[in-house]
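**Q** next comes the sequence, and after it the predicted model I'd like to discuss.
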Amino acid sequence: MADTCIFCQIANAELPAHKLFEDDLVIAFLDLHPIREGHALIIPKQHCPWFEDLPELTAARIMAVGQRLARAMKREWEVERVSFFYTGIHVPHAHAHVVPMFHRHDVSSARYLEEGIEAFSLPPNPGDTALAQTADRIRAQLSEVG
């Protein structure tokens with residue numbers, strides 16, 4: 001997979017990137033298609049398709065680097081908050097996004113924004129019973145996966 005994975009190619013210095021941080025486990029660099037100025041990605045150097053595949057040490061390093069980037073972004077852009085989230089939509093190589101939030105909808109799904117920011121509303125609350133049942137299902141799975 002490393003031959004064709006764009007993030008593996010970046011990790012192996014086969015493709016250029018606007019690097020912000022690098023150590024033995026991870027690399028942080030600017031996203032080529034940013035949500036907002038400063039939008040960064042943090043990837044493991046080791047190919048892991050999904051975030052749940054990450055070794056715990058690597059996952060912890062990604063979080064620590066994300067926190068450092070968030071503090072720097074807050075100072076640089078004078079924003080109140082910075083978003084941190086994992087996706088794997090376009091590249092099946094675990095990667096975290098770190099995005100300075102200039103507006104509360106900077107990382108909202110386009111689906112919610114189709115009618116304009118003013119029409120945005122939260123998805124409905126399923127209620128305590130449904131939430132409790134969902135929590136029970138996840139806790140049961142957690143006991144199975146360790």
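**A** On my side now, so go ahead. Keep in mind that what you see is a predicted model, and the values were worked out from it rather than measured.

**Q** all contacts plus neighbour counts: C-alpha atoms, from now on.
**A** Will do.

**Q** need the helices for the protein, in chain order.
**A** 6-11, 56-77, 110-113, 128-145 (DSSP state H).

**Q** from those helices, which stretch is densest packed?
**A** helix 6-11 (a mean of 20; mean count of other C-alpha atoms under 10 Å).

**Q** ok so, going back, okay if I get the helices of the chain as a markdown table plus mean pLDDT and distance to residue 43?
**A** Below are the helices of the chain laid out as a markdown table (pLDDT from 0 to 100; distance: least, C-alpha to C-alpha, whole Å):
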| stretch | mean pLDDT | distance to residue 43 |
| --- | --- | --- |
| helix 6-11 | 96 | 7 |
| helix 56-77 | 94 | 7 |
| helix 110-113 | 58 | 24 |
| helix 128-145 | 79 | 24 |
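
**Q** closest to residue 98 out of these?
**A** Of all the helices of the chain, the one in closest proximity to residue 98, counting by C-alpha to C-alpha, is helix 56-77 (6.4 Å).

**Q** contacts for the closest one, please.
**A** Residues from elsewhere that reach helix 56-77 (C-alpha atoms under 8 Å, 6 or more residues apart in numbering): 21, 25-26, 28, 38, 42-44, 51, 79-84, 96, 98-100.

**Q** run the chain-centre distance for it.
**A** 11 Å (C-alpha atoms, centre = their mean, to the nearest Å).

**Q** dump it to PDB, restricted to CA.
**A** Provided in PDB are the C-alpha atoms of helix 56-77 (Å, rounded to 0.1, in the frame of the first residue of the first chain):
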ATOM      1  CA  GLU A  56      -1.700   3.600  21.100                       C
ATOM      2  CA  LEU A  57       1.700   5.400  21.300                       C
ATOM      3  CA  THR A  58       1.200   6.800  17.900                       C
ATOM      4  CA  ALA A  59      -2.400   7.900  18.600                       C
ATOM      5  CA  ALA A  60      -1.200   9.600  21.700                       C
ATOM      6  CA  ARG A  61       1.500  11.400  19.800                       C
ATOM      7  CA  ILE A  62      -1.000  12.600  17.200                       C
ATOM      8  CA  MET A  63      -3.200  14.000  20.000                       C
ATOM      9  CA  ALA A  64      -0.200  15.700  21.600                       C
ATOM     10  CA  VAL A  65       1.000  17.300  18.300                       C
ATOM     11  CA  GLY A  66      -2.600  18.400  17.700                       C
ATOM     12  CA  GLN A  67      -2.700  20.200  21.000                       C
ATOM     13  CA  ARG A  68       0.600  21.900  20.200                       C
ATOM     14  CA  LEU A  69      -0.700  23.000  16.800                       C
ATOM     15  CA  ALA A  70      -4.000  24.200  18.300                       C
ATOM     16  CA  ARG A  71      -2.200  26.400  20.800                       C
ATOM     17  CA  ALA A  72      -0.100  27.900  18.000                       C
ATOM     18  CA  MET A  73      -3.100  28.400  15.800                       C
ATOM     19  CA  LYS A  74      -5.000  30.200  18.600                       C
ATOM     20  CA  ARG A  75      -2.100  32.600  18.900                       C
ATOM     21  CA  GLU A  76      -1.600  33.100  15.200                       C
ATOM     22  CA  TRP A  77      -5.200  33.600  14.200                       C
END
